[in-house]
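S.K.: kindly generate the corresponding structure for this input.
(one chain, ligands or ions: 1)
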Amino acid sequence: MPLVIDNPSDEACSLPECIEALAERGFDADDPASTDAAAWWLRRLANNRTFLGDLLVDRLVGRGGEDIASGYGPQAIVLSRPRDNRPGAAFLRAAIWPSPRDHVFQTSGAASFVYGAAHDHNFDFLTVGYCGPGYASDYFEYDYDAVAGYAGEDAGLRFVERSTLSPGKMMLYRRHVDVHSQLPPESLSVSVNVMRLDPAQGWFDQYGFDLERGTVARLLNPHASEAFLRVAVASGAESALDYAEWVGMAHPSDRMRLASFEARADLLGDPAEADALWRAGEVSGCRMVAGAAQARRTTLAAS
Ligand SMILES: [Fe+2]
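M.R.: Just a heads-up that it's a prediction; the model follows:
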């Protein structure tokens, strides 16, 4: 499960001070000194009991706060933007966790807030319970390198414990290691995160998991290039088909390879032709494509 960080302090800082410090130092979870420093600034910010309320009121009455954004939908408030795109740059985010008593929970439903949707993360982040009792999670761990990433694959999840991000509790969520399925808090809660930004992270999978089956359910972070490839292939352009064929056999990203096979298979009305394509996928040398191909061929045979 995420590493619990015990760094008690009575010191507090302002939001601009925290933003400035993180901009200077960044956050690299692979470097203990960097993690300690980022966690220390997050502790000081969490000790400032008024910064978030003040910021939101300023925004509501038009007194400022234009810098904050809800780039992740209404559940997250981006409190700072990274100054540049270098690996290890960091930004601050507040995450909002409605309870079943909240109107937005009743109207939008639990799934809108990822409750009960087991997932890992393709980035490291620090989190602290800022206000409210905090969400609970069932925590699991798994071996990212042992997973190819196709839907239905056994993920080898190992249950660790159920625990709550109570007020003041700070944790480091490790990329590709920690998996959690969240339960709503008893009342509205907010956590504050230091998020590590890595320009390459879009190429590393984030998965949703099926806890009943213990399998990978789906990719949670499809790359825009996958969508471009699917649309290009669907257009029927010959250049797109040629390119997709190369992608299917040789692209460095497994997800691009799988997208290529799926896009080309969607064009084939004849089950025998689709089976031949997936048979090529099975022996393409890519575990993700091979796993998906096996499942597709089983479905084709059954129909
Ligand atoms: Fe999460």
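S.K.: what sits against the closest residue to G88 other than its chain neighbours?
M.R.: What sits nearest to G88 in space, not counting adjacent residues and going by C-beta to C-beta, 6 or more residues apart in numbering, is G26, at 4.0 Å. From N, CA and C alone the C-beta is placed, and that goes for glycine too. Applying C-beta atoms under 8 Å, 6 or more residues apart in numbering to G26 gives the contacts 34, 86, 88-90, 196.
S.K.: can you check R230 too?
M.R.: Contact partners of R230, counting by C-beta under 8 Å, 6+ apart, are 259, 262-263.
S.K.: would it count as being in a strand?
M.R.: No. Judged by DSSP: H, G, I helix; E, B strand; the rest coil, R230 forms no part of a strand; its state is helix.
S.K.: which SS class is H176?
M.R.: Following three-state DSSP, H176 is assigned to coil.
S.K.: er, A290 I mean
M.R.: Following three-state DSSP, A290 is assigned to helix.
S.K.: determine which two of the contacts of G26 are furthest apart.
M.R.: S34 and R86 (13.4 Å; C-beta to C-beta).
S.K.: more neighbours, those two?
M.R.: Neighbour count, other C-beta atoms under 10 Å: between S34 and R86, S34 has more, with 17 against 11.
S.K.: ramachandran coordinates for the more buried one?
M.R.: With angles defined as degrees, to the nearest 10, S34 sits at phi -70, psi -40.
S.K.: can you check H223 too?
M.R.: In terms of degrees, to the nearest 10, the main-chain angles of H223 are phi -90, psi 150.
S.K.: run a quick neighbour tally on the closest residue to it other than its chain neighbours.
M.R.: Spatially, and ignoring its direct neighbours in sequence, H223 is nearest to G202 (5.5 Å; C-beta to C-beta, 6+ apart). Residues near G202, counting by other C-beta under 10 Å, number 16.
S.K.: ok, A259 next?
M.R.: 25.
S.K.: distance of it relative to D242?
M.R.: A259 is 16 Å from D242, where distance means C-beta to C-beta, to the nearest Å.
S.K.: again with A89
M.R.: A89 is 38 Å from D242, by C-beta to C-beta.
S.K.: okay, those two: which has more neighbours?
M.R.: Shown here are A89 and D242; by other C-beta under 10 Å, A89 has more neighbours (20 against 10).
S.K.: wait, the more buried one sits on Q201?
M.R.: No. If you go by C-beta atoms under 8 Å, A89 and Q201 don't touch, sitting 11.5 Å apart.
S.K.: now for these two: what residues contact both?
M.R.: Among the neighbours of A89, none is also in contact with Q201 (C-beta under 8 Å, 6+ apart).
S.K.: sorry, back to before: how about the contacts of G26 in a markdown table, adding pLDDT, secondary structure and distance to D254?
M.R.: Putting the contacts of G26 into a markdown table (pLDDT from 0 to 100; DSSP: H, G, I helix; E, B strand; the rest coil; distance: C-beta to C-beta, whole Å) gives the following:
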| residue | pLDDT | secondary structure | distance to D254 |
| --- | --- | --- | --- |
| S34 | 95 | helix | 30 |
| R86 | 73 | coil | 26 |
| G88 | 78 | coil | 25 |
| A89 | 86 | strand | 26 |
| A90 | 91 | strand | 28 |
| R196 | 90 | strand | 23 |
